Structure formats: C-alpha cells, structure tokens
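Undergrad: Here is my input, please return the structure:
(2 chains)
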Amino acid sequence: MPKTENTSTAVSQASMLAPKRPGAVPGLALGLALLSAGPVIILLLLIAVLTFLSPYFLTGRNLSNILGQTAVISVVAMGQHLVILTRGIDLSVGSNVALASVVGALSFHAGAPAIAVIAVMVGCGAAVGAINGLFYVFGRLPHPFIITLATLSIAKGLALQLADGRAIPGMPDSIDALGRDAVWGLPGSVFVVAGVAAVLFTVARTMVWGRWIYAVGGRPDAALRMGIPVSWVLVSVYVISGLCAGIGAVILAGRTDAGSPLFGNLLELDTIAAVIIGGASFLGGRGHLGHALIGAIMIGVIRNALNLLNVNVFFQLIVIGVVIVIAVESDVLRNYLEGRVRVMQAGRQP
Amino acid sequence: MTAVAANAGRAATADQPVLAVRGATKRFGSVLALDDVSIEVRRGEIVGLLGDNGAGKSTLTKCISGVHQLDAGAIVLDGAPTQIRSPADARFAGIETVYQDLALFDNLTPGQNFFAGRELAWPQWLPRGLRFLQQRRMDAETRVLLANLKVTLPRLDAVVAMMSGGQRQAIAVARSTVFARKVVILDEPTAALGLRESRQVLNLVAALRDQGNAVILITHNMEHVVELADRAVVLRQGRKVGELAPTKDNKQEMVSMIVGA
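TA: Presented below is the predicted three-dimensional model:
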C-alpha cells in the first residue's frame, strides 16, 4: 500500500511539471535525433574540413586507399559489434587474425589450394571464437573479458610458436588479388566487406536469430524467461566474431602476401573503438552494422588525414582516444535524455 | 480442498480446475520458502494471492512459471500432472506470466516485445532461429490487439525505453494476452503505477479473465482484491493460512490472516 502511494505522488508531481514545460519533449526528441545521427554528421564534417585542408584528400585514389586500409577493421568490427550488442567484448580478435594468417600461410606452404587456405583461415578464426563462446557460457564465467583475454594470449603465443616469431611470406594468387584493384578502382577487399555486411545485415535484421541477439542484449534474464535460447545466442556471436577475424586474416594476408604472428596488433582496440565511435551502445542491445562501418571508416579517415597533414604518428592514438571518450559520453547523454522523455510522458499520460 | 472451492461461490460453477498445485514444497538452503501449499484456479476466474513480503507468493508463482522447480508436490494442468522445467515449458503449456520487473526489452518496440521468443516467421521448414521475420504481420497483429484492449501508445515504432511506467505495464500485460491459453500470473501489476494507470491495468486483467483464462493476481492492494478476485488465497511464512471469497466486509479478516494477528 505505501509503495503505491509513493509512486502515485511521484507521477502526479510529474504531471504538475508537464504543463509548465510544454516544449520539453519535442526539444528532447530533437536532441536524441541529433545524437543518433551524430557519428554520420561528424564523419561528413571531418570529410569537409579535410577536403579544405588537403588537396589530396578527396581524390578517388585516396578514398580507395582509405577503404582498402579500413577493410580489416571494418570486417572484424562488424563481428565485434554483435558481441557488444549482447553486452560482451571480444579481446581476442587481433591475436585471432594473427593465428589464422599463420595457419593459412603454413597450409599454403604445405601445398593446400587457395580455396582450402581460405577455409583454413576462416575455420581457425571461427574455432577460436567457439572456444571463447563455449567457455564463457558453459564455463559459467562472469564476463567474456576473461576468456577472450586468455585466448588473446594463447592465440598470439601459438601464432608466434608456429611461425617461429617471423612473418611467413607467400599466399595463393587469388588471395593476393584482394589487395589489388578489382573494379572501379576499388580493391577486392572492399567487396569482401560489402559481402560480409550483406550477410550479417540479413542475419541481424531480418532473421529470428538476429532478433534474439537484440533481445539477449536488451535483457538477458527476460530473454531466458521468454524462452529464447540465450546460451546458444551468446555462443553464436563469439563464433561470428571469430569468423569475421578469420575473414580479416584473409584480407590482410592478401594485402601483404604473407601470414604473420604480428598481424592484428591492437586490432581488438580498433574494432571496439570503431563500434563505440560509430554510435552503438556499449551497454548492449542498441546499435546496428552501420555503426560499426561508420566507426571503422572514421578511424581510417582520421589516420589518413593525420598522415596527409604530416601529423606525428603518436598523435593519432591521442586523437582516437579522445574521439572514444566523446562517443561514450554521448551514449551516456542519450540514456539520460531518454530517461527525461520517459518522465515527461508519465506526466502527460491522459 | 473441494469444500473450500465449493464455498467460493462464483467459482463453484466452473468444472475442473485448469491449474492445480498440490502440496508444493520449495526449499532454498535452510529456508523453507513453500511448505505443502495447494491452490486451484478455474477458467474465467481470478484468484488473488495475498501475503506479506517473504510469504512465498513469488516463489509459488515462479515454480508455476518454470523459473524455479518444486522440491516436492505436483503441478496439474487440465487434470494431467505436468513437469515444468523451464519458462519455455510453461509458455508452451499455456501459462503466461507478467513479472513484477515486467521483463520488457527496452531496446525493442512494443510489437517486437509482444512476439519476443515467438516471432512470426517463415518458411516453416527451416529451424526457428533461421527463419525470416514477418515484421509487418507482427505489427498488424499488435495494432489489432492493442485496439481490442483499448491500450493507446504514443508510437508503435518507438522502443519501449521511451514509454511511461503505465504504458510499459500495459505492454507487459497485453503481451501475456497474446499467447495465454490457460493461465496468466500477474505479479503486482499495479505496484508502481498511479491511480489512472492502475485502472487501465485492472481493466486488462478483467479482459484476460473474460477471454476464459484462469488468472492468478498477486497484489498488496485489498481494494483490487475485493473488486476483481473471485477467491483469495493467503500465504504466510510459506504456508497457506486461508482461502475465502473476498468482500468489502471480510477485508479486515484478510489483513489479519496476512499479518498473522
């Protein structure tokens, strides 16, 4: 009884507030709309400013370069995005890329045909992802941070061991083609990114499994009570993230004609940064593939611009760090504004 | 049991109970949360489940909805003893639950919430997870359902994070009406609501009953019990201490049973 009375007074206070501030909700709605469009606006502003600052920036050659250079981050960030959607994190993707590329190079030198080399790399990535997911879920770990940190170390060590600490040159020609210009002056890797994006979009937005990923990210306990197979949904996002790392390894191997245990260094941070900068919520449940792609391109543009403008390489790290802070704070601000909208609506309820 | 049910007036006309819990016992470590509790609910009937905090109301309903499993006792659905091992089992058996925390997905729209875990999708020959969502069909059914229940929401394409407490409660209750075939359990559905919003939710509860569901209503509000419930079952310290047909006159008696005075 007292509980009911308390809340009803809270509601009536809200309704007393509402008439005094009639424009409040549309104002908040505008703020929220701006926040959700934020990353795109910032990217466009960035492009406009850079076009003004450097005559080389807005050339087909340079744009094609940026897309080629961000292909690996883009693909792996799309996998990372699904993991983050479920409130998780995959720290192993960088090492996973390194291990997959080494295993691929070794299998090529053992005489495997191109198609088998690709299958080995993608399969290796997926296997590491499966280990992450299975240990996290069925090993009852409190957070995926721990298992993916462990596989970060294991995969890196394994890659260094297998390759004897050195890069292994040589990849099948059809994989190398990914690094060369294919159509319309764009490198083949860009089409791989587009293909992965199309498949993941289909899964995430049009299939039941994708809806379950969002549900698990929104409220894991409620998802369980609604009969959604939460365990398998969680395992699947780590497998997909691993798959994407394997595909990233193929792209990187194609660009460099080699497999190397040093590939993918700090890629986990770049991909997490891309997802967050692009506007997905670190709190889970909110975001789409476009966010991961926008974020990846933004990182590529920032790096490219700082190169073109002859800015110190070390400064790039600082800039990207600052952008991450801005992105995370705008996520917090978005949550706060949504809370305000809710209070206003409680007051307006007829 | 039967004598109690016969005394319950309005309920006596219905035939076999759609849900019967017999001798429910549940222990958490050294705490005996439920001690030999039996209740019955019939179609088109609302049973109020009363008791102080920690009396075992939530434990009992969580055992029925598959969140917990009974240590001893049986759950009988339409005369057949039924094993309910998970919330999915319970939903499959036709038991819907409106949880106190609502169990809504803030990041999804009302329609997506309604169909969460039971999405309409095709083609049928694929495993469920791999089917394609029929979003327009789900949206259309959501609109019809909300209109039938006279629930008005500002926008159907906005996520429920943006909606007020009453709207969210209405969505949670309405969701249970989509698939309820036998039993609906509501755990304090009006606890966090103002007067007008409570009224809307109570109307929804009545609508659930009129659809022929057996309804178990947990509440602390005696007015609501008197108004809606055909029978009231009172729990105290894990035991059933009374069962009666609530009226304005025996309100005080119910309160005494609840507090054990």
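
Undergrad: Only C-alpha atoms from now on, for both contacts and neighbour counts.
TA: OK.

Undergrad: what's in contact with stretch B:51-71?
TA: For stretch B:51-71, the external contacting residues (CA atoms under 8 Å, 6 or more residues apart in numbering or on different chains) are A:225, B:24-27, B:33-34, B:49-50, B:75, B:84-91, B:95-97, B:185, B:187, B:218, B:220, B:234-239, B:258-259.

Undergrad: out of those, which are inside helices?
TA: Here DSSP state H is the test, and the contacts of stretch B:51-71 give A:225, B:87, B:88, B:89, B:90, B:91, B:258, B:259 as lying in helices.

Undergrad: Are any of these buried, and if so which?
TA: Of the members of the ones in helices among the contacts of stretch B:51-71, the ones counted as buried by neighbours, 16 or more other CA atoms under 10 Å in any protein chain shown, are A:225, B:87, B:88, B:89, B:90, B:91, B:258.

Undergrad: isn't the third one right up against residue A:229?
TA: Right, the one you point to is residue B:88. No: applying CA atoms under 8 Å as the test, residue B:88 and residue A:229 come out as separate, 9.3 Å apart.

Undergrad: that older thread, pick out whichever of the buried ones among the ones in helices among the contacts of stretch B:51-71 sits closest to residue B:16.
TA: residue B:90 (19.6 Å; CA to CA).

Undergrad: show me what contacts the closest one?
TA: B:64, B:65, B:66, B:84, B:96.

Undergrad: can you pull out the helices in the stretch 1-150 of chain A?
TA: Taking DSSP state H, counting those that start in this stretch, the helices of the stretch 1-150 of chain A run over residues A:2-17, A:24-53, A:60-85, A:93-109, A:114-138, A:144-163.

Undergrad: Quick one: closest of these to residue A:305.
TA: The nearest among the helices of the stretch 1-150 of chain A, by CA to CA, is helix A:24-53 at 6.8 Å.

Undergrad: Which strands or helices does that closest one pack on?
TA: Applying 3 or more CA pairs under 8 Å, 6 or more residues apart in numbering or on different chains; DSSP states H and E, we find helix A:24-53 packed against helix A:289-308, helix A:313-348.

Undergrad: Could you give the average pLDDT over it?
TA: On average, the pLDDT along helix A:24-53 is 82.

Undergrad: by how many degrees do it and helix A:313-348 diverge?
TA: Orientation check (axes from the mean of the first three to the mean of the last three CA atoms, to 10 degrees): helix A:24-53 against helix A:313-348 gives 160 degrees.

Undergrad: roughly how far is helix A:24-53 from the heart of the chain?
TA: Put simply, helix A:24-53 sits 20 Å off its chain's centre (CA atoms, centre = their mean, to the nearest Å).

Undergrad: Same check on stretch B:39-51?
TA: 10 Å.

Undergrad: same deal with stretch A:234-245?
TA: Per CA atoms, centre = their mean, the centroid offset for stretch A:234-245 relative to its chain is 12 Å.

Undergrad: ok, residues contacting that stretch?
TA: Counting by CA under 8 Å, 6+ apart, A:75-76, A:78-80, A:82-83, A:86, A:90, A:93-94, A:96-97, A:122-123, A:125-130, A:132-134, A:136-137, A:213 sit against stretch A:234-245.

Undergrad: Point out the residues in the stretch 51-200 of chain B that sit beside chain A.
TA: Contact residues, the stretch 51-200 of chain B versus chain A (CA under 8 Å from any CA of the partner chain): B:67, B:86-88, B:91, B:103-108, B:116-117, B:119, B:121, B:128-133, B:161-166, B:190-195.
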